[in-house]
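Chemist: Mind looking at a prediction? Sequence and model below.
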Amino acid sequence: MLSQQQTAKNIDLWQSVVTRELAYIQSRQEFLKGCTERVAIVQKRLQNHAERGTALRMFFYLALPERQSLLDELVDLASVSHTVPEKSDIKLCREAILSLPKT
């Protein structure tokens, strides 16, 4: 019986992940289509360590000129010393920088 209960719980947990991911995708699309100051919002959120990961992930959905305008902030973030929990942010910063054209 415990096995069936665990299986049901695991399925519920998975369903929660799927539901929240779909909600995130919808929210992201609404932001990208409806926000008139996307770059300014993302730029400001890059400075807040609690929101930086979200801002960095959103970066990849911006148009190329928008992404290019954030290069200075990305370089600053990628070059400063961060604490251990923020190492993933450094990796995302570097990936963002490397995604930009070299010209």
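Modeler: Received it, and whenever you're ready, just let me know what you need.

Chemist: residues contacting residue 13?
Modeler: Residues in contact with residue 13 (CB atoms under 8 Å, 6 or more residues apart in numbering): none are found. Any C-beta I mention is one placed from the backbone N, CA and C, and that applies to glycine too.

Chemist: how does the protein divide into domains?
Modeler: Recorded structural domains for the chain (assignment: automatic domain parsing) are 1-34, 36-103.

Chemist: What average pLDDT does the longest helix belonging to the chain get?
Modeler: Taking DSSP state H as the criterion, the chain has its longest helix at helix 2-34. The average pLDDT for helix 2-34 rounds to 94.

Chemist: end to end, how far does stretch 47-62 reach?
Modeler: 18 Å (CA to CA, to the nearest Å).

Chemist: Oh, that last question was meant for stretch 77-91, not what I typed.
Modeler: End-to-end for stretch 77-91, by CA to CA: 10 Å.

Chemist: And for stretch 44-63?
Modeler: 17 Å.

Chemist: so is residue 48 in a helix, a strand, or just coil?
Modeler: The local conformation at residue 48, judged by DSSP: H, G, I helix; E, B strand; the rest coil, is coil.

Chemist: ok, residue 29 to residue 72 distance?
Modeler: As judged by CB to CB, to the nearest Å, residue 29 and residue 72 stand 27 Å apart.

Chemist: and residue 67, how many residues sit next to it?
Modeler: 20 (other CB atoms under 10 Å).

Chemist: Give me the pLDDT for it.
Modeler: Residue 67 is given a pLDDT of 97.

Chemist: hang on, isn't residue 56 packed against residue 90?
Modeler: No: Residue 56 is beyond contact range of residue 90, at 9.9 Å (criterion: CB atoms under 8 Å).

Chemist: What's the local residue count around residue 93?
Modeler: Residue 93 has 24 neighbouring residues, counting by other CB under 10 Å.

Chemist: Going by neighbour count, list what's buried in whichever helix or strand it is part of.
Modeler: Under the criterion of DSSP states H and E, residue 93 resides in helix 87-99. Applying a neighbour-count criterion of 16 or more other CB atoms under 10 Å, one finds 89-90, 92-93, 96 buried in helix 87-99.
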